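>>> Provided below are the primary sequence and the corresponding predicted coordinates.
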Amino acid sequence: MPRTEPTALTLLRRTHEAQVVDVLRRLGAVSRGELARHTGLSRTALSSITGALIGRAVVVAGPAPAEGVRGRGRPVELLRLHPATGRCAGVDLGRGRVRAVVANAAHQIVASGARACPPEVPWERRTDAALELLDELLDGSAAGLEGIGVGLVGPVPAPGERAATVVRLLGERYGAPVLVENNTRLAALAEAVHGAGAGARHAVYVHLSHGVGGGLVVDGRLLGGASGTAGEVGHMTADPGGPRCRCGNHGCLELYASLPAVEAAGGPGDDGAVARAGRMTGRVLAGLCTAVNPELLIVGGELAALGARLLGPLESELRARTLPAALRGLRIVTARLGDEGGALGAIALIRQEAPPAVNGGARAAAGPLAGCTGPGSSG
């Protein structure tokens, strides 16, 4: 039989199916109403397309989890990709450990693990540890692996040696797309998608740890900026007359709101040192919140555990310095995902970006997606 070319109607249907799969891949389980809103397809077209995908076992349907007492109405049914259709892996080459997470197409975590890796360990050895850990979590098989996201500590200039080598090694080993980003920005994306900010479209994240970093999520996506420094709050000026920072500027937030800075000012037990860190953080975030107008401000890192002693002064300073309209409806919360945030954000990045394949299957993004950050990003 001679081969026939697909008709225009067939090509259109394939395009619509790809739209549906892409939404489910990014968002996980959603109702048909949400799917219609995200794809712009009519209910009739969507019914036909999802029915065909369910028939081919690409998509599965099931009831939404029960929440409280339901009425007599028809229970909400959620659609999700079949768990066997694809896996994604997220790796965080953090300051004191390497962590990896593997998720299936239904956004369920199927494997997770970590290896201790002290700060002095060279990044080449960290990459080796990540490969060993991923081999274990993937059970020796990369079949169905859609991509690997990797978070790195600190500046990752594109096309810097570290990022390029990580992309090459993981791409060669697993034959899958690889994206590299700063791990603090990935934690911001994870919190916005799965954690404290789940359901919010616009969020500002600040991470107060050994360094100070952050991330901006705008319309549900991580904002990298022209060269990847978007959200680098640690090196925004908190006090123009302050001491010189290692980045070359004066009075950077990291000099007041990092763990070493709080320790030097009296330690986490000293209310004055903690309040100063909160005030300086609020001072820096005030301008950012006015410019970005987020729904949510998420505070993560070890200092977030200090609770109201830190967040009270932060909020007071923020409200005193921010355009009132930008604060309307703004919530300030602490991060929820903890140590897995960077790795989960790496998976979210892969699901959102998916650039074209190059070099035998390994994919890397230029510019911000390759992980460009400013000096001293935290991990």
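That came through, no problem. Being a predicted model, the structure only gives us computed values, none of them experimental.
>>> Write down the beta-bridge partners of the nearest residue to Ala304 once chain neighbours are set aside, one by one.
On the basis of C-beta to C-beta, 6 or more residues apart in numbering, the spatially nearest residue to Ala304 that is not a chain neighbour turns out to be Thr334, at 4.6 Å. In this view, the C-beta of every residue, glycine as well, is placed from N, C-alpha and C. Each beta-bridge partner of Thr334 is listed here: Val299, as defined by DSSP bridges.
>>> who's in contact with Ala188?
Shown in contact with Ala188 (C-beta atoms under 8 Å, 6 or more residues apart in numbering): Ala203, Tyr205, His207, Gly214, Gly215, Leu216, Val217, Leu222, Gly231, Ile298, Gly345.
>>> Same question for the third one, what's its three-state structure.
Just to be clear, that refers to His207. Counting by DSSP: H, G, I helix; E, B strand; the rest coil, the backbone at His207 sits in strand.
>>> quick one, what contacts it?
With contacts defined as C-beta under 8 Å, 6+ apart, His207 is in contact with Thr184, Ala187, Ala188, Gly213, Gly214, Gly300, Gly301, Ala335, Ser378.
>>> any idea how far Gly214 is from it?
From His207 over to Gly214 the distance is 6 Å, taken as C-beta to C-beta, to the nearest Å.
>>> and if you look at the last one?
According to C-beta to C-beta, Gly345 and Gly214 sit 13 Å apart.
>>> which stretches of the stretch 151-300 of the chain have low pLDDT?
Regions of the stretch 151-300 of the chain meeting the criterion pLDDT under 70 cover residues 155-160.
>>> Any idea how far the longest helix anywhere in the chain is from the middle of the chain?
In the chain, ranked by residue count with DSSP state H as the criterion, the top helix is helix 271-292. In terms of C-alpha atoms, centre = their mean, to the nearest Å, the centre of helix 271-292 is found 23 Å from the chain centre.
>>> Check stretch 34-46 too.
For stretch 34-46 - counting by C-alpha atoms, centre = their mean - the centre lies 26 Å from the chain centre.
>>> Output it as CSV, restricted to C-alpha atoms.
What follows is stretch 34-46 as a C-alpha-only set of coordinates in CSV (Å, rounded to 0.1, in the frame of the first residue of the first chain):
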residue,chain,number,x,y,z
GLU,A,34,-9.1,23.4,33.9
LEU,A,35,-7.9,21.6,30.8
ALA,A,36,-10.3,23.6,28.6
ARG,A,37,-9.1,26.8,30.2
HIS,A,38,-5.4,26.0,29.6
THR,A,39,-5.8,24.7,26.1
GLY,A,40,-8.5,27.0,24.8
LEU,A,41,-10.3,24.0,23.2
SER,A,42,-14.0,23.6,23.2
ARG,A,43,-15.6,21.0,25.5
THR,A,44,-16.7,19.0,22.5
ALA,A,45,-13.3,18.9,21.0
LEU,A,46,-11.7,18.2,24.3
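>>> picking up where we left off before, kindly indicate which of the contacts of His207 lies nearest Ile49.
The closest of the contacts of His207 to Ile49 turns out to be Ala188 (C-beta to C-beta; 33.3 Å).
>>> Isn't the residue nearest to Ala304 up against Glu191?
No: under the criterion of C-beta atoms under 8 Å, Thr334 is not in contact with Glu191, lying 9.7 Å apart.
>>> name the helices or strands packed onto the particular helix or strand that has Ala114 in it?
Following DSSP states H and E, one finds Ala114 within strand 109-116. In this structure, strand 109-116 makes packing contacts with strand 97-104, helix 123-137, judged by 3 or more C-beta pairs under 8 Å, 6 or more residues apart in numbering; DSSP states H and E.
>>> Mean pLDDT, mean neighbour count and distance to Met236 added to the ones you listed, as CSV?
Shown next, in CSV, are these (pLDDT from 0 to 100; neighbours: other C-beta atoms under 10 Å; distance: least, C-beta to C-beta, whole Å):
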stretch, mean pLDDT, mean neighbour count, distance to Met236
strand 97-104, 92, 24, 28
helix 123-137, 90, 17, 27
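>>> In strands only, show me the contacts of His207.
The subset of those located in strands under the criterion DSSP state E comprises Gly213, Gly214, Gly300.
>>> wait, doesn't Gly214 sit right on Gly231?
Yes: at 4.3 Å, Gly214 and Gly231 qualify as touching, with contact defined as C-beta under 8 Å.
>>> any residues in contact with both of these two?
Contact criterion C-beta under 8 Å, 6+ apart; residues bridging Gly214 and Gly231 by contacting each: Thr184, Arg185, Ala188, Val204, Tyr205.
>>> Provide a list of residues in contact with the last one.
With contacts defined as C-beta under 8 Å, 6+ apart, the neighbours of Tyr205 are 184, 187-188, 191-192, 197, 214-217, 231, 297-300, 335.
>>> at 6 Å instead, please
Ala188, Glu191, Gly214, Gly215, Ile298 (C-beta atoms under 6 Å, 6 or more residues apart in numbering).
>>> Closest one of the residues you listed to Gly33?
Of all these, the one sitting nearest Gly33 is Glu191; the distance, using C-beta to C-beta, is 25.7 Å.
>>> how many neighbours does Leu222 have?
If you count neighbours by other C-beta atoms under 10 Å, Leu222 ends up with 27.
>>> I'd say it and Leu189 touch.
Yes: taking C-beta atoms under 6 Å as the definition, Leu222 is a contact partner of Leu189 at 4.5 Å.
>>> Spell out which residues make up each domain of this protein.
Under automatic domain parsing, the residue ranges defining each domain of the chain are 8-64+75-84, 88-182, 196-336.
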